[in-house]
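Enquirer: how would this look folded up:
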Amino acid sequence: MKSPNKALHRTPAAAPLSPVSFQTFGGIRQCPDSGPRRSISMEAEVVVPMISIVGTGLAAGVFLGHKMGISIARHNLTPQSFVQLGQSIHVNFSRVMPVLTIGAVLSTMLWSVLLRGSWRTVHFWLVSVASIEMVSTVILTRAVNVPINNQLMTWSTATPPANLKELWEPWEKVHTIRTILALSSFVLQVVALAISARPSG
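Expert: Numbering: from 1, shown residues only. This is a model prediction of the structure:
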């Protein structure tokens, strides 16, 4: 004989699973419900691109400002004023620019590492090229600009070298190159972020 209460004990039908929502930021696919460890990783994936873009943008801005202002003004200075201005700039910039440029390089490289799982995507290659450009900027600076800056600090404002402008010319040429590299790196990073910061299914 069937129990009259049997119908009351039916197992309810399982509710359909809702799709997991993924988002991308900086080209890195993110799942918002992956636990505390993933939450920390997601924070890094948001912070690193922002630090990279801000650091690179500031460095590129300093380079461009120098190129468009100080580099032009130097041509109209007397040798004594040339040396005095250069030494003053070097004392102030030498405290800030190494931290700024190295920070931009490291954050850009880290951004590329975070994107390694998406190496076939456009944003990975944009960030990778941007990283190479920033590394090249530092290498050129260390190889050419820094030695000339050190030499500049030994010059006397009273008796500057007779071939002052010839000694300084390599600095200006490399500065032009690193300005272009830094600006290009900044633009590539902004484009990479723009094309990747969108929801994906």
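
Enquirer: and residue 195, how far is that from residue 121?
Expert: 9 Å (CB to CB, to the nearest Å). The C-beta positions use only the backbone N, C-alpha and C, and glycine is treated the same way.

Enquirer: which one of those two has more residues nearby?
Expert: residue 121 (17 against 14; other CB atoms under 10 Å).

Enquirer: mind listing what residue 161 touches?
Expert: 79, 155, 167 (CB atoms under 8 Å, 6 or more residues apart in numbering).

Enquirer: Next up, the contacts around the spatially most central residue of the chain.
Expert: Nearest residue to the geometric centre of the chain (CA atoms, centre = their mean): residue 52, 3.2 Å. Residue 52 sits next to 104, 107-108, 110-111, 189 when contact means CB under 8 Å, 6+ apart.

Enquirer: pLDDT-wise, which helix or strand of this structure ranks last?
Expert: strand 22-25 (a mean of 50; mean pLDDT, DSSP states H and E).

Enquirer: Now do the contacts for residue 182.
Expert: Each residue near residue 182 by CB under 8 Å, 6+ apart is listed here: 56, 59-60, 63, 133-134, 137.

Enquirer: Now, of those residues, which are buried?
Expert: 56, 59-60, 63, 133-134, 137 (16 or more other CB atoms under 10 Å).

Enquirer: so which helix or strand takes in the residue nearest to the centre of the chain?
Expert: helix 35-65 (DSSP states H and E).

Enquirer: before we move on, what about residue 192?
Expert: Secondary structure (DSSP H and E) places residue 192 in helix 164-196.

Enquirer: From the chain's centroid, how far away is that helix?
Expert: 12 Å (CA atoms, centre = their mean, to the nearest Å).

Enquirer: The lengthiest helix in the chain packs against which elements?
Expert: In the chain, taking DSSP state H as the definition, the longest helix is helix 79-114. Contacts defined by 3 or more CB pairs under 8 Å, 6 or more residues apart in numbering; DSSP states H and E place helix 79-114 against helix 35-65, helix 71-74, helix 122-140, helix 146-152, helix 164-196.

Enquirer: mean confidence score for that helix?
Expert: Averaged over helix 79-114, pLDDT sits at 94.

Enquirer: Buried residues of that helix, list them for me.
Expert: Buried residues in helix 79-114 (16+ other CB under 10 Å): 82-83, 86, 90, 97, 100-101, 103-112, 114.

Enquirer: Between helix 122-140 and that helix, find me the angle.
Expert: Relative orientation of helix 79-114 and helix 122-140, computed by axes from the mean of the first three to the mean of the last three CA atoms, to 10 degrees: 150 degrees.

Enquirer: quick one on the thing from earlier: pick out whichever of the contacts of residue 182 sits closest to residue 159.
Expert: residue 63 (30.6 Å; CB to CB).

Enquirer: Now do the contacts for the closest residue to that closest one other than its chain neighbours.
Expert: Among residues not flanking residue 63 along the chain, residue 179 sits closest, at 4.0 Å (CB to CB, 6 or more residues apart in numbering). Residues in contact with residue 179 (CB under 8 Å, 6+ apart) are 60, 63-64, 66-67.
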